[in-house]
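>>> Sharing a sequence plus its predicted fold:
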Amino acid sequence: MNAYDLIVVGAGIVGAACAEAAASEGLRVAMVEPGPVGGGSTAAAMGHLVAMDEDPAELALSAYSLRLWERYARLPDAEFSRCGTLWIARDAREMTAVPGKIARLAAAGVRAEAVEAGRLYELEPHLAPGLAGGMCVPDEAVVYPPRMARHLVDAAGAMGAQLYAGRRAIELIADGVRLDDGQALRGTVLVASGVALPELLPELPLRPRKGQLAITDRYPGLVSHQLLELGYADSAHGDADSSVAFNVQPRPTGQILIGSSREFGAADREVSLPLLRQMLQRAFAFLPVLRELQAIRIWTGLRPATPDGRPYLGPVFGRHNVWVAAGHEGLGITTALGSARLVVDGLLGRGTAIDPAPYLPARMLARAAS
């Protein structure tokens, strides 16, 4: 009764996507989740579906996953909104990066176009004056991550997957995993537990990176696109103890989601007021109208960050029948579907749509040996 082809530990959006993909292949799947489905890092995420081009491996995975997201573009539960992404250049120096970004995105099959200053203000009239222009990626979108995770878990359940709700996986055992109620589930284990990864796989380096977000009351039409500063990747990929970057999203509800911050060395979920102020000041500098709006909620979350910024996807060296899908940091929503397909195709011994090598956890062994 407790034997499965795949036991997925964690029902955030990455684990949920893996469970759904495996169940769709006819595998007998178990899902183990101690808290609410999509209630951890997934619930705290902005929900952007965006291709990041600074790292070729990150671009390959995000572009691949964006294509898979099209399946859910008309799903009401996902709150999928194709608002497009507008990258903002503060000055002429930042504008010089735009042609290279457009070329890299085009090579990955993602459409983008340069935006001159005049056009920038036609697209978003409330931006601060004096900005140089930017880049528009019109097909990108945002989703509501917890609801999407719930949809994927329900879809897996409709195909026969078993959810062990309220149960925690406490130990990897021979050919399976032991739960906190003493049950032993037998089968290949896929650890997709986000920041809790070290509890089961301490050999894979990972640390939490705290982030904060604020959301406003409803102001329909005030912002039309997801807005990011062109320097966003410097914050997202940097190793500074703390950083902020401009990132604002219009939600389908008419609310405006304001980010973002990153903070190492803070594993609690308390709001860091000094960093929150920096984040909001950064947002006001690009979009001054935000000062006039009413914020109704502020929250924090922990992102699972690997040393090289790439997720762990694949078999765990030295562990029999143990795989991993974790460490996506701030790009887990975008890359969840692509990650799931890479893992499930690998489990089934099939060829993959993109090269899986950059994400294999075994790379940490080579890193440690160098």
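Structure received.
>>> drop to CA atoms for contacts and neighbour counts, all remaining ones
OK.
>>> In a strand, residue 190, correct?
Yes. Applying DSSP: H, G, I helix; E, B strand; the rest coil, one finds residue 190 inside a strand.
>>> Torsion angles phi and psi at residue 310?
phi -100, psi 150 (degrees, to the nearest 10).
>>> And it, how close does it get to residue 96?
Per Cα to Cα, to the nearest Å, residue 310 is found 27 Å from residue 96.
>>> So for the two, which residue has more residues nearby?
residue 310 (21 against 12; other Cα atoms under 10 Å).
>>> how about the more buried one, what does it touch?
Residues near residue 310 by Cα atoms under 8 Å, 6 or more residues apart in numbering: 57, 58, 327, 328, 358, 359.
>>> ranges for the helices of the stretch 51-200 of the chain?
56-69, 92-95, 98-107, 117-123, 145-158, 197-200 (DSSP state H, counting those that start in this stretch).
>>> Show me what the lengthiest helix in the chain is in contact with.
Secondary structure of the chain per DSSP state H: the longest helix is helix 332-347. For helix 332-347, contacts defined as Cα under 8 Å, 6+ apart pick out 13-15, 17-18, 21-22, 42, 45, 47-51, 61-62, 64-66, 68-69, 145, 313-314, 325, 328, 351-354, 356.
>>> hmm, which of the residues you listed are the buried ones?
13-15, 17-18, 21-22, 42, 45, 47-51, 61-62, 64-66, 68-69, 145, 313-314, 325, 328, 356 (16 or more other Cα atoms under 10 Å).
>>> Can you pull out the low-pLDDT segments for the protein?
1, 234-240, 366-370 (pLDDT under 70).
>>> Report the central residue of it.
residue 332 (2.0 Å; Cα atoms, centre = their mean).
>>> do you know how far that residue is from residue 364?
20 Å.
>>> How about residue 161?
Counting by Cα to Cα - residue 161 and residue 364 are separated by 32 Å.
>>> neighbour-wise, which of the two wins?
Between residue 161 and residue 364, counted using other Cα under 10 Å, residue 161 has the larger neighbour count: 25 against 19.
>>> how about the nearest residue to the more buried one, chain neighbours excluded?
residue 29 (4.7 Å; Cα to Cα, 6 or more residues apart in numbering).
>>> close enough to count as contact, that neighbour and residue 8?
Yes. In this structure, residue 29 is within contact of residue 8 by Cα atoms under 8 Å, at 7.4 Å.
>>> Give me the common contacts of these two.
With Cα under 8 Å, 6+ apart, residue 29 and residue 8 have common neighbours residue 19.
>>> List the ones among the contacts of helix 332-347 that fall in helices.
Counting by DSSP H, the part of the contacts of helix 332-347 found in helices is 13-15, 17-18, 21-22, 42, 61-62, 64-66, 68-69, 145.
>>> out of the residues you listed, who's nearest residue 293?
residue 145 (24.3 Å; Cα to Cα).
>>> ok, that closest one - contacts?
13, 38, 42, 43, 45, 46, 47, 78, 333.
>>> What segments of the stretch 201-350 of the chain are strands?
Taking DSSP state E, counting those that start in this stretch as the criterion, the stretch 201-350 of the chain carries its strands at 207-218, 226-229, 242-250, 255-264, 295-305, 312-315, 322-326.
>>> Tell me what angle the first one forms with strand 242-250.
With axes from the mean of the first three to the mean of the last three Cα atoms, to 10 degrees defining the directions, strand 207-218 sits at 40 degrees from strand 242-250.
>>> what does the fifth one give?
Orientation of strand 295-305 against strand 242-250 (the same axes, to 10 degrees) gives an angle of 120 degrees.
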